[in-house]
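Asker: Provided below are the primary sequence and the corresponding predicted coordinates.
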Amino acid sequence: MRAVIYARYSSDLQSEASIEDQIRLCRERVQQENGTVVDVYPDYAISGGSVRNRPGMQALLDQAKSGKFDHVVAEALDRVSRDQEDIAAIYKRLRHSDIRLLTLAEGEISELHVGLKGTMNALFLKDLALKIRRGQRGRVEAGKIPGGRSYGYRIIRQLRPDGSVSTGEREIDLSQAAIIRRIFEEYADGMAPRQIAARLNREAVPSPRGGQWNASTINGNRRRRNGILSNELYTGRITYNRQRFVKDPETGKRIARANPEREWVTREVPGLRIIEDELWEQVQEIKQRYSSRWGNKRQSKKRLLSGLLKCGRCGGGMTISRGDRYYCSARREKSTCNADRGIAAHKLEERVLNGLKDILIGNEVLIDEFVAEFKRELTRLRKQSHGVSRRLIKDLQQVERGIKRCLDYIIGGDGDPGSVRDQLRRLEARKREIDADLKVQQGDMELAIHPNLPDLYRRKVASLQQVLAEEAARPQVVEIIRSLIDRIEIHPGEERSHCEVLIVGALAQIIAFAQQKTTAASSRGGGTSLMVAGVGFEPTTFRL
């Protein structure tokens, strides 16, 4: 028995020590079976509602293909997952690799456990969510806050007669309340949120999170009604159940969805009022006036380089503004950066892609390395496939011997053949599974090397921009390119119309490997980077 241990705890239900307790109990079980613990895969403070955001489980499933272990041991099936779909998928992948799933609570897991326990765990999550919402609703009915702390208030903790601590009680923080009134008054006087944020930052006023202010903290999201200027609690009114959160089954991330206004729950709490109704209405009227402008609309299609761009002056992110240009968000939102030059999104993408194509296609060393690595990977996959095929053939031979023994028993008339027929049906079903797996393996082994790999490489790289224009292939290509880039630094050039573009990440390492004799550029914080030349710049240079 070569086993790995999986352990997980949820931050809202357990302490970090729970991980160590689970591992200790699982080790004891493996030792009782005279087995060996090969590795341990923990997930700290992560919900069991989705497997996609759990690095420990993802690493375990990746290693399951290696053949280094034959058992996965966990405290209970709900530690593995509480989601029905995920439990079934994990069980299926482990069984495909001939790995057994064993838990201390249920024993060896079978299809019956997956169906019944998966349903029970899913119902538990649903019941838990209902209880949490019921408790929050009860606090709202009592005039208390159901969520976290809002800027402008302090949390009050009081000891109840039964020894428990009260929750949901707030009182006004006078110093923060003065800042809130100032924000409302300045906005009503015609000052934009960016200007208000810039003033507060110049005066070193701490933001709600203790850092610097930005426009979004003040203005918020119009649809979700958050931000300083949209917080109805400042008028002495609690508004509950405006939105709900659901998990995306593809990514496992929570997504906010608005509830219809008829489902909202409101309660008046005059003691928490900071803003008078007249000022509140004046501010909301101004916000409504600007809500239909084009600047409030968002780009729905994900750009190739969005989220990767950093300002070369301050290190902050860069966002689209003035139509289709990237600018430093710290300068726009906080006025804390002096990088006043932007770069057009299409020109940036064109420079990056053209620079990559010129280097990737024009360097024979890199092409030779690609061909060699492709052949090495194909050889490795073939060896792995041969190993799986040999194991399947061995299993098939064993099953066929079992079928022959069952047939001999039935033909020989030795006793009641009823139970033997059941065993025969199971063996025949297993034989069909193995035959299907062998066909898949044989199909994988038919993969052949292209007769002219260098030419194929050049054509694929040259068609990057064309592929990105295709809706079907774009998401996959975008993810591949983005996975090779840690960040892209935009440095204002000497001329106003030019910017230096510096790529940092694995992609730069690949290119630099092929250009080891190229003169290294000056270092900016270590790592490997690629300078993408623009009009009027020197040829492409690298630094290591």
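Answerer: Thanks, I have the structure now.
Asker: looking only at pLDDT, what's the mean for stretch 281-297?
Answerer: Averaging pLDDT along stretch 281-297 gives 72.
Asker: just stretch 28-46 next, same as before
Answerer: 87.
Asker: in it, what's buried?
Answerer: For stretch 28-46, the neighbour count (16 or more other CB atoms under 10 Å) marks 29-30, 35, 37-38, 40-43, 46 as buried. C-beta: built from backbone N, CA, C; applies to glycine.
Asker: Filter those down to the ones in strands?
Answerer: 37-38, 40-43 (DSSP state E).
Asker: Closest one of those residues to residue 19?
Answerer: Residue 19 lies nearest to residue 42 out of these, by CB to CB, at 5.2 Å.
Asker: Would you check how far apart that closest one and residue 21 are?
Answerer: Per CB to CB, to the nearest Å, residue 42 is found 12 Å from residue 21.
Asker: what sits against residue 84?
Answerer: When contacts are counted by CB atoms under 8 Å, 6 or more residues apart in numbering, residue 84 touches 118-119, 121-122.
Asker: for residue 326, same thing?
Answerer: With CB under 8 Å, 6+ apart, residue 326 has these contacts: 309, 318-320, 342-345, 348, 490.
Asker: By neighbour count, sort out the buried ones in those.
Answerer: 309, 318-320, 342-343, 345, 348, 490.
Asker: Pick out whichever of these sits closest to residue 136.
Answerer: residue 319 (34.0 Å).
Asker: Pairing partners for the strand or helix carrying the closest one, with directions?
Answerer: Per DSSP states H and E: residue 319 is located in strand 318-321. According to DSSP bridges, strand 318-321 forms sheet pairs with strand 325-328 (antiparallel).
Asker: what's downstream of the strand it pairs with, the next helix or strand?
Answerer: Downstream of strand 325-328 (by DSSP H and E), the next one is helix 329-334.
Asker: Distance from the chain centre to the helix or strand that that next one is followed by, please.
Answerer: Moving toward the C-terminus from helix 329-334, the next helix or strand (DSSP H and E) is strand 343-344. Here strand 343-344 shows a centroid-to-chain-centroid distance of 28 Å under the convention CA atoms, centre = their mean, to the nearest Å.
Asker: Partner strands of strand 343-344 and their direction?
Answerer: Applying DSSP bridges, one finds strand 343-344 paired with strand 325-328 (antiparallel).
Asker: what comes up buried for the strand it pairs with?
Answerer: 325-328.
Asker: Show me which pair in those residues is furthest apart.
Answerer: Taking CB to CB, no two of the buried residues of strand 325-328 sit farther apart than 325 and 328, at 11.2 Å.
Asker: who's in contact with the closest residue to residue 267 other than its chain neighbours?
Answerer: Excluding its sequence neighbours, the residue lying closest to residue 267 (CB to CB, 6 or more residues apart in numbering) is residue 238, at 4.7 Å. Residue 238 sits next to 140, 143, 145-146, 232, 266-269 when contact means CB under 8 Å, 6+ apart.
Asker: In strands, which of the residues you listed fall?
Answerer: Judged by DSSP E, the contacts of residue 238 include 266-268 as members of strands.
Asker: export the residues you listed to JSON lines and tack on neighbour count and pLDDT?
Answerer: Shown next, in JSON lines, are the ones in strands among the contacts of residue 238 (neighbours: other CB atoms under 10 Å; pLDDT from 0 to 100):
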{"residue": "266", "neighbour count": "12", "pLDDT": "87"}
{"residue": "267", "neighbour count": "15", "pLDDT": "89"}
{"residue": "268", "neighbour count": "12", "pLDDT": "91"}
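Asker: Closest one of these to residue 163?
Answerer: residue 267 (27.4 Å).
Asker: Would you check that the closest one makes contact with residue 237?
Answerer: Yes - if you go by CB atoms under 8 Å, residue 267 and residue 237 touch, sitting 7.3 Å apart.
Asker: for residue 502, phi and psi?
Answerer: Backbone torsions for residue 502, taken as degrees, to the nearest 10, come to phi -120, psi 120.
Asker: just checking, it touches residue 493?
Answerer: No - assessed by CB under 8 Å, residue 502 is found out of contact with residue 493, at 11.8 Å.
Asker: quick one: which of those two has more around it?
Answerer: residue 502 (20 against 16; other CB atoms under 10 Å).
Asker: State which helix of this protein is the longest.
Answerer: For the chain, the longest helix by residue count, based on DSSP state H, is helix 364-412.
Asker: Please pull up the helix or strand immediately following it.
Answerer: That would be, after helix 364-412 and using DSSP H and E, helix 418-445.
Asker: Give the rounded mean pLDDT of that following helix.
Answerer: On average, helix 418-445 scores 75.
Asker: pLDDT below threshold where in the stretch 201-350 of the chain?
Answerer: 249-252, 291-302, 322-323 (pLDDT under 70).
Asker: quick one: the strands in it?
Answerer: 237-240, 243-247, 254-258, 265-268, 309-311, 318-321, 325-328, 343-344 (DSSP state E, counting those that start in this stretch).
Asker: measure residue 209 to residue 217 for me?
Answerer: Counting by CB to CB, the gap from residue 209 to residue 217 is 8 Å.
Asker: Among these two, which residue is more densely surrounded?
Answerer: Shown here are residue 209 and residue 217; by other CB under 10 Å, residue 217 has more neighbours (24 against 9).
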